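[1] Dropping the sequence and predicted coords here.
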Amino acid sequence: MLAVARVLTLSDLLDAPQTQWRYGPLLPLESRHSGRDWPVGWTPLIEARALAAELGVRRLRLKDESRNFTGSFKDRASALAVVRAADAGAGAVACASLGNAAVSMAAFAAAAGIPAYVFVPGSTRDGRLARALACGARVFRVDGTYQQAWDLCTQACERFGWYNRCCAYNPYLVEGKKTGGMELAEQGYADPPDWVAVSVGDGCTVAGIAKGLRQMRELEIIDWSPRLLGVQAASVAPIAAAFSTGIMEPLSPAGNATFAHSINVPAPRNWRKAVAAVRRSEGGFVTVTDDQIARALSLTARLTGVFAEPAAAASVAGIARAVSDGIIDRRASVVACITGGGLADLGGPQDRPEQPGQIAPDIDALAAALGQETA
Ligand SMILES: *Cc1c(COP(=O)(O)O)cnc(C)c1O
């Protein structure tokens, strides 16, 4: 504990860059690493009063990862992985992804000038890949599931010597992801949250946030720790089930799917760490239906202006569920991690709660459409 306390103090952080590199002494990187100018992390914590009232909690803040470099929490891990690859002289980087990891790895690979190879499951929509393609990544749509894409990517890295950025394979990703928890510690410093809600697919995000919070406590920068609420989609919830049974029973991908693509992981690899992190925090798991996710997405946008992708809106839906189940107390102060922005996931069923109105370029027509008296 004291060994850690010497490497970073609150006063060091006052002068530190407003990026995740502020935690440099605690990251597995040289101090003059090649990514130090990349604007990753230090995303805002946004007060959401009207949404708090709607969900029935005393206070709600949104950790808005849609403001990250490519619009998702994955940037934290991708940036760190690509820096390590670049500084080690890797010839290429690769990952399997449901979309966000691919886009963020491709963007940082472009910044570093390294070729990127991306493997996505066959069902991935084109819109989720647009930025990866624009950044010059070689994208392979694997005729199969995410698990099969992951296996192919990992074999390819072995055969061709590429640097592997696969979640639950690369041990450094959690070091990038922990910066999200470290930021929550600093940003919640004056008024600590009781709960932090995080949506869960493979389980790496919630485990990373937990690790960051724990390190900030070990550093004695904070003396509190929030309880973690893991949220899964009801139709793909093997980790929520393992949380109560202690046993992982992977689902078959056939017949088990959610429109929240980024958490559509029927056979998660990192479930033990996710379960352990939530247990240690004295937290809980809930599941939410796709309808509840769609409603949370719309409510969040209408009441805060923040546009979440479905997987991210699941955290908000999970808070509502946890309040009604009596897991979260109505007097609680809660943070919802908006792990990814909605622009990454256009083209799904959630996008058009209303169609734009068609109108002639004429003020009287507009007034009529608005149902007002024309002058
Ligand atoms: C990846 C992702 C998650 C879940 O993270 P896991 O590490 O798979 O649990 C949640 N939301 C978004 C937007 C993501 O991209």
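    That came through fine. No experiment lies behind these values; they were computed from the predicted model shown. Numbering: from 1, shown residues only.

[2] Around residue 17, how many other residues sit close by?
    Neighbours of residue 17 under the rule other Cβ atoms under 10 Å: 14. The way it works is simple: take the backbone N, C-alpha and C, and place the C-beta from them, glycine included.

[3] do the same with residue 133
    Residue 133 has 15 neighbours, counted by other Cβ under 10 Å.

[4] How about residue 298?
    A count of neighbours around residue 298, defined by other Cβ under 10 Å, yields 15.

[5] ok, now residue 75?
    Neighbour tally, residue 75, other Cβ under 10 Å: 28.

[6] is it true that it touches residue 67?
    No. Using Cβ atoms under 8 Å, residue 75 is not in contact with residue 67, being 10.1 Å away.

[7] okay, now the domains of the chain?
    Structural domains annotated on the chain: 38-72+174-345, 74-171+350-370, as defined by automatic domain parsing.

[8] Report the distance from the last one to the chain centre.
    In terms of Cα atoms, centre = their mean, to the nearest Å, the gap separating the centre of domain 74-171+350-370 from the centre of its chain is 13 Å.

[9] what's the span of that domain from first residue to last?
    42 Å (Cα to Cα, to the nearest Å).

[10] Can you get me a residue count around the residue of the stretch 251-375 of the chain found nearest the ligand?
    Proximity of the stretch 251-375 of the chain to the ligand (Cβ to the nearest ligand atom) peaks at residue 340, 2.8 Å away. Number of residues near residue 340 (other Cβ under 10 Å) recorded here: 32.

[11] Next, count neighbours for the residue lying closest to it once chain neighbours are set aside.
    Sequence neighbours aside, residue 72 is the residue nearest to residue 340 in space, at 3.7 Å (criterion: Cβ to Cβ, 6 or more residues apart in numbering). Residue 72: 27 surrounding residues under other Cβ under 10 Å.

[12] And residue 72, its phi and psi?
    The phi/psi pair for residue 72 (degrees, to the nearest 10) reads phi -150, psi 160.

[13] Residues of this structure that sit close to the ligand?
    Selection of the chain residues close to the ligand by Cβ under 6 Å from any ligand atom yields 72, 74, 100, 167, 199-205, 262-263, 265, 309, 311-312, 339-340.

[14] Just the buried subset of those, written out for ChimeraX, thanks.
    Selection of buried members from the residues of the chain next to the ligand for ChimeraX, criterion 16 or more other Cβ atoms under 10 Å:
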select :72,74,100,167,199,200,201,202,203,204,205,262,263,265,309,311,312,339,340
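
[15] Need the pLDDT of residue 12.
    Note for residue 12: predicted pLDDT of 89.

[16] Is it in a helix, a strand, or coil?
    For residue 12, the secondary structure call by DSSP: H, G, I helix; E, B strand; the rest coil comes out as helix.

[17] could you show me where the strands are in the protein, in order?
    Taking DSSP state E, the strands of the chain run over residues 45-47, 59-64, 93-96, 116-121, 138-142, 163-164, 195-199, 227-233, 284-288, 333-338.

[18] Can you list the helices and strands that the fourth one packs against?
    Read it as strand 116-121. On a contact count with 3 or more Cβ pairs under 8 Å, 6 or more residues apart in numbering; DSSP states H and E, strand 116-121 meets strand 93-96, helix 100-112, strand 138-142, helix 146-160.

[19] contact partners of it?
    By Cβ atoms under 8 Å, 6 or more residues apart in numbering, the residues outside strand 116-121 that reach it are 92-99, 102, 105-106, 109-110, 128-129, 132, 135-142, 144-146, 148-150, 152-153, 156, 162.

[20] Relative to that strand, what are the paired strands and their orientations?
    Its sheet considered, strand 116-121 pairs with strand 93-96 (parallel), strand 138-142 (parallel) by DSSP bridges.

[21] Can you add mean pLDDT and mean neighbour count and give these back as TSV?
    Below are those laid out as TSV (pLDDT from 0 to 100; neighbours: other Cβ atoms under 10 Å):
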stretch	mean pLDDT	mean neighbour count
strand 93-96	97	30
strand 138-142	97	16
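
[22] now these in a markdown table, with distance to residue 171?
    Listed next are the strands paired with strand 116-121 as a markdown table, based on distance: least, Cβ to Cβ, whole Å:
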| stretch | distance to residue 171 |
| --- | --- |
| strand 93-96 | 14 |
| strand 138-142 | 24 |
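
[23] so which of those gets nearest residue 210?
    Nearest to residue 210, of all those, is strand 93-96, at 22.5 Å by Cβ to Cβ.

[24] Okay, now the unreliable bits of the stretch 101-250 of the chain?
    Nowhere does the stretch 101-250 of the chain drop to pLDDT under 70.
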